[in-house]
Each structure stands twice: as C-alpha cells, then as structure tokens.
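[1] I would like the atomic coordinates for the input below:
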Amino acid sequence: MIDNPKDVWEKQLDEMFSHKERTSEEKFLNVLSIILYENNKNTDLADLFSTVDFNSFIKVVDLFDGRTISFPTKEEIKDAVELALFFYYKEILGITAYDSLKKLNIREDKDFSSISIGRKINNLKKEIKEEIIDSLKDINNGQS
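    Numbers count the residues shown, from 1 in each chain. Okay, here's the model as predicted:
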C-alpha cells in the first residue's frame, strides 16, 4: 500500500525539524547557561561541550575565563586562508603574474579579481609593517 503523499511529506518535515535529544551533560550545561547568563536561549556552553571532550571543554573555559569571545564565520576563515595563500605565492615565491595566480585555483574563476586580491595583499603588507613597527617601538620603550 502506498502512503498518502501528504503524510509522507509531513513525516519528512517532522524528521528534518526534530531536535536531537540532548545528553544529560548538555541539559545540565543548559541549566548553567540559564544561571550564568539569565538566558534560557543561550546554549553555547552546551553546544561547545557537545563538540569537544570534557578536558578540552575545561581548558577552553580556563583559557577564556570570564571573557566574551567571538568566532569568525566559515566564509571569513575561507577568505583569510585564500589571502594567506595569495600572499605566500605572490610575496614569498615571487609569482607576480595574476594569470599564474589564477591558475593555482585558490579561488573559483568567477570570484577571482586581480584588483581585489592586489588591494587585499597591499593592505595585509601595510598591517604587517605597522605591527612590526609597533612591536619594535614596544621593545624600545622596554615593554614586552
């Protein structure tokens, strides 16, 4: 017997939007989140705990003790890796022709812009130079 298509569709929707049952530890961390942040919608602690083992979780908490942190998006990480690769090939290996850089397939052809990449590399070089100058000034002033 063939199921009613509407029933099949509803079942698929229910499965897609059903939430995975949380472990006791994750539920406990949700309670901690409510206590710490007075917010029952913030499940970041439980999410972090479910991603790493307990000892790593404690190390992260210890490392960022009381601080608020933010993470880059996947797109920001992808862009940073691409820029680092372009910088490496252009500035370190000396591949200056953008056609050659394009052939490395670091970025899809449709997204490749020599002007944008050149601008980003120049901005990165400026930031690196400023960071070096600031570090040397700190050394000169006796700071570490």
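[2] make it CA atoms for all contacts and neighbour counts henceforth
    OK.
[3] Okay, now the unreliable bits of this structure?
    For the chain, applying pLDDT under 70 flags the ranges 1-20, 22, 30, 33-34, 36-42, 143-144.
[4] Could you pull out the helices in it for me?
    Read by DSSP state H, the chain holds these helices, from start to end of the chain: 5-17, 24-37, 44-51, 54-63, 74-87, 98-103, 114-140.
[5] can you put the ones you listed in a markdown table and add mean neighbour count?
    Converted to a markdown table, these look like this (neighbours: other CA atoms under 10 Å):
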| stretch | mean neighbour count |
| --- | --- |
| helix 5-17 | 10 |
| helix 24-37 | 15 |
| helix 44-51 | 16 |
| helix 54-63 | 12 |
| helix 74-87 | 14 |
| helix 98-103 | 14 |
| helix 114-140 | 13 |
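[6] Find the centremost residue of the chain, please.
    Per CA atoms, centre = their mean, the C-alpha nearest to the average position across the chain is that of P72, at 3.7 Å.
[7] how much space is there between that one and D79?
    11 Å (CA to CA, to the nearest Å).
[8] got it, and L85?
    Between L85 and D79 the distance, using CA to CA, works out to 10 Å.
[9] before we move on, what about T68?
    Computed with CA to CA, the distance linking T68 and D79 is 24 Å.
[10] do K90 as well
    Applying CA to CA to K90 and D79 gives a distance of 16 Å.
[11] L32 now?
    35 Å.
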